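Asks: Sequence below, structure please.
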Amino acid sequence: MDRPRPAPAFDAPWPARAVSRRTLSRGGAAAGLGAAAAVLGRSGPVAHAASSPGGGPVAQPAPGGAEDLDVAVIGGGIGGLYAAWRLLEGVAPGRRPPRVALFEAGDRLGGRLYSVTPSVTPHLHAEMGGMRYGSDHPLVTALVERFALPSAPFGGGDERNLLYLRGVRLTRADVKARSPRLPYELPPAYQGLLPSESLGPLTQTLLGDTTGLTAAQVLDRVRHATVLGRPLVDWDLVTLMDRMLPRSVVEYMAEGRGYAVRGNLDHSAGMITDLLGTPPVPTYRHLRDGYQALPQALADAFTTAGGRIETGARLRRLDRIAGGPALGLVIEQGDARRTVRAGRVILALPRRALELLDQETFLFDSAAFRTALRAVDGISISRMFLTFDRTWWAPLGVSSGFSVTDLPIRQCVYFGTEGDQPGADPSNRSAMMLATYTHGLAAAYWQLLMDNPPLPGTGDPYPSQGDVPADVVASRAMVEAARQQLAGLHGVEVPAPTWAAYIDWSRDPFGGGVHSWNVGARMWDVAPFMRRPVPDADVFICGEAWSVAQGWAEGALQTAEHVLQDHLGLSRPTWLPADAWLGP
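Replies: Numbering: from 1, shown residues only. Below you'll find the model as predicted:
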């Protein structure tokens, strides 16, 4: 994987194409992108499908000439933007750069990196998706440095952060001091441990001491571990916990971790690798201009290098082509459809977005592909951000990190005060909080308050100060419910928010905020398979869903880099640390 590879063979003769220009203006991520020379001509009529000798549809070249590309990238999340940028980054002098275009179905770039900035807190960003990256994420870290994006530590809180469980309010310090008020009768080995730490003894039982092991070595232990005569990956985490842990410990973790441990059983096996971790515990950082600044930087660099980005351009069908470029993409924009021809296609898409392709797409002819597609599943996640006219939680001594409860808000994260940020107006004391951070059934609670308000009129949008993007509007009912539950968690009166935004990542085309390997999935086999699921077709799949770093931008970058090195002939980037692991 690390050996130098030949440059991609993009120098074969192609029909000449007119050069035009396109400036992106739709969506926050597209705004301000550097102008780029477009390498595609105007499209012709939509191609008509014919039958191939094997019975599958074959897209015929459209009269008047369809657009010809070397590589088409589908999906404007960080994985797709990274792959597109890397294809044009550092093309050797004298070599023709490949013709690359990226197509994004939505009206913004960034995927699940989505930063919304309220007018009341212009230096605080509501991270509707990803909000931080770790010291164990070398690809993200290297890109942040390469693009010189301002970053800062992401505070993890301290002993004063709160737990409000079964109606009892404690601090982390209380738990670590083995407070008798903790409403669980824990065995001595678990007393003094936070809920997030309570899997430690089980980890030791399953894998032994992992201190000093690399991520690859830990995964190797997971791969070969057995429990009660069965491979570890054939167990769901809930059943393992029920069999191997005292009931009080299982309930303590399920109610106090803030994450959906006791969710869909099919999701639980993949959580094992996420929960194990390797010492030392990573430190975290965030981008001062919002996490979406990273995909924006990739998009800007890609277009500046000659690439083309189209938003509002949805891939409907992918077909084999007889002669010429090997693949035909039926792209839908509004009411119009056109065919784009490409030698290679990168689908930077999660499971649900792949399922939304027309079923005539030839990938679905493969039983192996259909099976692998079901190896992961999306986990429902929703978030609601609120701003307030003051930092009302400051008198409690909490200033950053997470506080946790068994109430439906599950977790809240303190994002700070506007006037304390670099370059901000010190007199602006407005504050921001991630007020609900929910998974599974807790996420469904907020979905109901958004989609099926319990009382007439309560489904009205919350009257925020300043604009709220249409896709993240919160209802009055959910904001009031969150306010009441925040009061319960903190034990103080909570003022009316000045601004609110809510997102439900289970909606199409995302199908979940994060993904998890399902029970029985051999991730070390499925992940490489999905990167090229049909051996005789130059179609490649990448994304967080197909990685062993699920739930993190790092996972999307790992799989994209694998595609680029293993299948498209790119060398490992010089700016990437030599010991950076890309997963299996």
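
Asks: could you point out the longest strand in the protein?
Replies: When the chain is parsed with DSSP state E, its longest strand is strand 336-348.

Asks: Let's test this: mean pLDDT of it, rounded?
Replies: If you average the pLDDT over strand 336-348, you get 96.

Asks: Name the residues of that strand that come out as buried.
Replies: Neighbour counts using 16 or more other CB atoms under 10 Å place 337-348 of strand 336-348 among the buried residues. Just so you know, the C-beta spots here come from the backbone N, C-alpha and C atoms, and that holds for glycine as well.

Asks: Which of those residues sits closest to residue 368?
Replies: Checking the buried residues of strand 336-348 against residue 368 by CB to CB gives residue 347 as the nearest, at 16.0 Å.

Asks: Correct me if wrong: the closest one contacts residue 540.
Replies: Yes - look at residue 347 against residue 540 with CB atoms under 8 Å: they come within range, at 7.0 Å.

Asks: circling back to that earlier point, roughly how far is the longest strand of the chain from the heart of the chain?
Replies: 23 Å (CA atoms, centre = their mean, to the nearest Å).

Asks: Which neighbours in the sheet does it have, and how are they oriented?
Replies: Partners of strand 336-348 in the sheet, by DSSP bridges, are strand 67-74 (parallel), strand 327-333 (antiparallel), strand 539-542 (parallel).

Asks: so residue 309 makes contact with residue 302?
Replies: Yes - proximity of residue 309 to residue 302 meets the contact threshold set by CB under 8 Å, at 7.0 Å.

Asks: what do the two both touch?
Replies: 84, 102 (CB atoms under 8 Å, 6 or more residues apart in numbering).

Asks: excluding its backbone neighbours, what's nearest residue 464?
Replies: Setting aside the residues directly before and after it, residue 464 is nearest to residue 499 in space (CB to CB, 6 or more residues apart in numbering), at 4.1 Å.

Asks: if I pick the one you found, what's in contact with it?
Replies: Going by CB under 8 Å, 6+ apart, the list of residues near residue 499 reads 118, 120-121, 385-387, 464-466, 468.

Asks: and if you look at residue 120?
Replies: 387, 418, 428, 430, 465-466, 498-499.

Asks: would you turn those into CSV with pLDDT and secondary structure?
Replies: Below are these laid out as CSV (pLDDT from 0 to 100; DSSP: H, G, I helix; E, B strand; the rest coil):
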residue, pLDDT, secondary structure
387, 98, strand
418, 97, helix
428, 97, coil
430, 97, coil
465, 91, coil
466, 88, coil
498, 97, coil
499, 98, strand
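
Asks: Excluding sequence neighbours, find me the nearest residue to residue 256.
Replies: In space, residue 256 is closest to residue 195, 3.2 Å off (CB to CB, 6+ apart).

Asks: One more: residue 170?
Replies: Residue 170's closest residue in space is residue 163 (CB to CB, 6+ apart), at 5.1 Å.

Asks: Give me the helices and strands touching the helix or strand harbouring the one you found, please.
Replies: Element membership of residue 163, judged by DSSP states H and E, is strand 162-165. For strand 162-165, the packing partners by 3 or more CB pairs under 8 Å, 6 or more residues apart in numbering; DSSP states H and E come out as strand 168-171, helix 172-176, helix 247-256, strand 402-405, helix 476-490.

Asks: Check the offset of it from the chain's centre.
Replies: 28 Å.

Asks: Dump that strand to CSV, restricted to CA.
Replies: Provided in CSV are the C-alpha atoms of strand 162-165 (Å, rounded to 0.1, in the frame of the first residue of the first chain):
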residue,chain,number,x,y,z
LEU,A,162,-23.1,16.8,35.3
LEU,A,163,-24.9,13.4,35.3
TYR,A,164,-28.6,13.5,35.9
LEU,A,165,-29.8,9.9,36.2
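
Asks: who does that strand pair up with?
Replies: In the sheet, strand 162-165 lines up with strand 168-171 (antiparallel), strand 402-405 (parallel) (DSSP bridges).

Asks: Let me know which of those strands is the nearest to residue 128.
Replies: Checking those against residue 128 by CB to CB gives strand 402-405 as the closest, at 17.1 Å.
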